[in-house]
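# Okay, sequence plus prediction incoming.
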Amino acid sequence: MTQVIYWELFLAFFIPGIVGYGGGPATIPLIQHEVVNRYGWMSLEEFGDVLALGNALPGPIATKMAGFIGYEVGGVLGAAVALLATIGPSLVAMIFLLALLYRYRHSPKIKRMTMMIRPVVGVLLALIAYQFFASAWGQVGVLQTVGLSLCSLFLLEKWGVHPAWVIAGSLIYGFVWLG
């Protein structure tokens, strides 16, 4: 594998990450152009298969596609390069913005801004929790949903069990009794 392929992989995923404002779905056509049209690593049908597989798995679509395509083109190092190129622009922007916020953390304007963001984040988290609860209620029933919710609440709040263990236990429960 030549080093040129790694540079091409980096550019194929870095450029869509920079110009693809709007997250993963906005970058998909840009990634398609790079992977299919510019470099010819895949046919349109193969890219469609990768997109379908990426949509079927949880998590950000652009990173899943970068990992898969990078691995197909350049092996493990290719996957690492493509993933770094995909998350790099957001990572740099977040570090820059956090450094800026930290520098001006005592500013009344920054304090007001962060105070205004907290309720919005709280409402968004509550909305997501409600959607998950309603979805579970409809798919597995009242008894399972309420039982798992109450059990999770007691484990987290009363006995201080780490959330990772509660999630793992819920997954095992779902696999064994609901799967």
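Cool, the structure landed.
# in this structure, which spans are helices?
With helices called from DSSP state H, the chain shows them at 3-19, 24-32, 44-56, 61-103, 108-140, 142-153, 163-173.
# Columns mean pLDDT on top of those helices, output as JSON lines?
Formatted as JSON lines, the entries for these read as follows, by pLDDT from 0 to 100:
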{"stretch": "helix 3-19", "mean pLDDT": "92"}
{"stretch": "helix 24-32", "mean pLDDT": "84"}
{"stretch": "helix 44-56", "mean pLDDT": "88"}
{"stretch": "helix 61-103", "mean pLDDT": "92"}
{"stretch": "helix 108-140", "mean pLDDT": "85"}
{"stretch": "helix 142-153", "mean pLDDT": "91"}
{"stretch": "helix 163-173", "mean pLDDT": "89"}
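# Show me the one of these that comes nearest G179.
helix 163-173 (9.5 Å; Cβ to Cβ). C-beta here means a position set from N, CA and C on the backbone, and glycine is covered the same way.
# List the buried residues in the closest one.
When burial is assessed from 16 or more other Cβ atoms under 10 Å, helix 163-173 yields the following buried residues: V166.
# Which other helices and strands does that helix contact?
Using 3 or more Cβ pairs under 8 Å, 6 or more residues apart in numbering; DSSP states H and E as the contact criterion, the elements in contact with helix 163-173 are helix 142-153.
# just checking, what packs against the helix it packs on?
Contact here means 3+ Cβ pairs under 8 Å, 6+ apart; on that basis helix 142-153 packs against helix 108-140, helix 163-173.
# re earlier: mind checking the helices of the chain for the one nearest to R38?
Across the helices of the chain (criterion: Cβ to Cβ), the nearest stretch is helix 3-19, sitting at 7.2 Å.
# Tell me what angle that closest one forms with helix 24-32.
Taking axes from the mean of the first three to the mean of the last three Cα atoms, to 10 degrees, helix 3-19 and helix 24-32 form an angle of 140 degrees between their directions.
# now could you export just the CA positions of helix 3-19 as PDB?
Listed in PDB are the C-alpha atoms of helix 3-19, where the atom choice follows Å, rounded to 0.1, in the frame of the first residue of the first chain:
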ATOM      1  CA  GLN A   3       1.400   6.300   1.200                       C
ATOM      2  CA  VAL A   4      -0.500   8.200  -1.500                       C
ATOM      3  CA  ILE A   5      -3.600   6.100  -0.800                       C
ATOM      4  CA  TYR A   6      -3.600   7.200   2.800                       C
ATOM      5  CA  TRP A   7      -3.400  10.900   1.800                       C
ATOM      6  CA  GLU A   8      -6.200  10.300  -0.700                       C
ATOM      7  CA  LEU A   9      -8.300   8.600   2.100                       C
ATOM      8  CA  PHE A  10      -7.600  11.600   4.300                       C
ATOM      9  CA  LEU A  11      -8.700  14.100   1.700                       C
ATOM     10  CA  ALA A  12     -11.800  12.000   0.700                       C
ATOM     11  CA  PHE A  13     -13.200  12.300   4.200                       C
ATOM     12  CA  PHE A  14     -11.700  15.500   5.400                       C
ATOM     13  CA  ILE A  15     -13.100  17.700   2.700                       C
ATOM     14  CA  PRO A  16     -16.700  16.500   3.200                       C
ATOM     15  CA  GLY A  17     -16.200  17.000   6.900                       C
ATOM     16  CA  ILE A  18     -15.200  20.600   6.400                       C
ATOM     17  CA  VAL A  19     -17.700  21.700   3.800                       C
END
